[in-house]
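**Q** all I have is the shape, not the residue letters:
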C-alpha cells in the first residue's frame, strides 16, 4: 500500500455523528466501528448522538428478541478505547422524552452552538 | 484541494453511489486531487465486477473501475464489509477457497485504518449514502 498509516504528529480531531435508531439499520454499528478505529489509530475522537441516534443509548435494551446484537456491548467499550468526548444533543433528548438517567452512558448534553463549534474544529466529520 | 470520497451506499437502489461517482468526476475535472476512495458497508457493491446490466442501463461498477484506472486513483474497499457481501478479490477468494473473485482489481481490500488515514491526510472528506 502506497500510503502507510501516519504517526501521532498527525493527530487530528475526528467527529463521528451517529443519527439513526438502533437495529433498524447497520449504521449505528458502522459509526461505532469507525470511531473505535480512529481511537485505535490515536486520534482525538468526538462521538455525537443526534436525532434518532439518542435512542441507541437507552438502558436495558433486549434486541436478542429480534436476533440483533446489543449495541450496549460496544458502547460500554468506548471508555476503554479512550473515547471520552461523547456529546448528546439536548433537543433530540427532549423530542424523545428522554432524561440523562434513562441512558446507559454519561455524555455531555449539547445544544446547537456547542455542536456547530465542534464540527468547525474537526478535521473531518462522519455522518452515519 | 485534496479529497477523500466515502461511499456507504450500494449502486442502483439509491442515488447516492451515482452522486458519489459524478462528484468524483467533477472534482477531477476541476483539477482537485483524490487522496483515496473508500467503499464501506453496502458501498462495497460498487467494486463488484460481476454485475450484468440490462441493455441501455449504466453499469456503475464499470464506470467506477474505469474512472479509477484512467486517473490512477487509490481506491480501498473495507475488508469486513466486503467479504460478508461476497465481494472478494483474488487473494481473498483464495484465502476462503471461493472462486471466482468478484471484485475489480482497480480497488484493493483493506481495513478501516485506511479510512482514518484518509481523513487525516485530506483537506475534505465527503460522504455519500
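**A** Now that the structure is in, tell me what you want to look at. Treat the numbers as computed from the prediction; the structure is a model and nothing was measured.
**Q** return the residues in contact with the residue nearest to the spatial centre of chain B.
**A** Residue closest to the average C-alpha location in chain B (CA atoms, centre = their mean): residue B:39, at 4.5 Å. Neighbour list for residue B:39: B:7, B:46-47, B:75-78, B:81-82, B:107 [criterion: CB atoms under 8 Å, 6 or more residues apart in numbering or on different chains]. Heads up, the C-betas are built off the backbone N, CA and C, glycines and all.
**Q** could you rerun that using 6 Å?
**A** B:7, B:46-47, B:77 (CB atoms under 6 Å, 6 or more residues apart in numbering or on different chains).
**Q** quick check: nearest residue in space to it, chain neighbours excluded?
**A** In this structure, residue B:39 finds its nearest non-sequential neighbour in residue B:77, 4.7 Å apart by CB to CB, 6 or more residues apart in numbering or on different chains.
**Q** neighbours around that neighbour, how many?
**A** Neighbour count for residue B:77, taken as other CB atoms under 10 Å in any protein chain shown: 30.
**Q** now swap in residue B:85 and tell me
**A** Counted with other CB under 10 Å, residue B:85 comes out at 17.
**Q** does it count as helix, strand or coil?
**A** Of the three states, residue B:85 takes coil under DSSP: H, G, I helix; E, B strand; the rest coil.
**Q** local confidence estimate at it?
**A** Residue B:85 is assigned a predicted lDDT (pLDDT) of 97.
**Q** how near is it to residue B:101?
**A** 14 Å (CB to CB, to the nearest Å).
**Q** how about the helices of chain B, start to end?
**A** B:16-29, B:60-70, B:79-83, B:90-95, B:113-121 (DSSP state H).
**Q** can I get the contacts of residue B:39 in JSON lines including pLDDT?
**A** Formatted as JSON lines, those follow (pLDDT from 0 to 100):
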{"residue": "B:7", "pLDDT": "98"}
{"residue": "B:46", "pLDDT": "98"}
{"residue": "B:47", "pLDDT": "98"}
{"residue": "B:77", "pLDDT": "98"}
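**Q** straight-line length of stretch B:107-115, end to end?
**A** 14 Å (CA to CA, to the nearest Å).
**Q** quick one: it near chain A?
**A** Yes: judged by CB under 6 Å from any CB of the partner chain, stretch B:107-115 and chain A are in contact via B:112-113.
**Q** contacts for that stretch next, please.
**A** Taking CB under 6 Å, 6+ apart as the rule, stretch B:107-115 contacts A:5, A:37, A:41, B:38, B:47, B:75-77, B:79, B:82, B:89, B:92.
**Q** just the buried positions in it, please.
**A** Under the neighbour-count criterion of 16 or more other CB atoms under 10 Å in any protein chain shown, stretch B:107-115 has B:107-110, B:112, B:114-115 buried.
**Q** can you check stretch B:51-67 too?
**A** B:60-61, B:63-65, B:67.
**Q** re earlier: can you redo the helices of chain B as CSV with distance to residue A:122?
**A** CSV is the format used below for those (distance: least, CB to CB, whole Å):
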stretch, distance to residue A:122
helix B:16-29, 21
helix B:60-70, 28
helix B:79-83, 24
helix B:90-95, 33
helix B:113-121, 9
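**Q** among those helices, show me which one is buried the most.
**A** For the helices of chain B, average neighbour numbers computed from mean count of other CB atoms under 10 Å in any protein chain shown are highest in helix B:113-121, which has a mean of 23.
**Q** alright, I will stop here.
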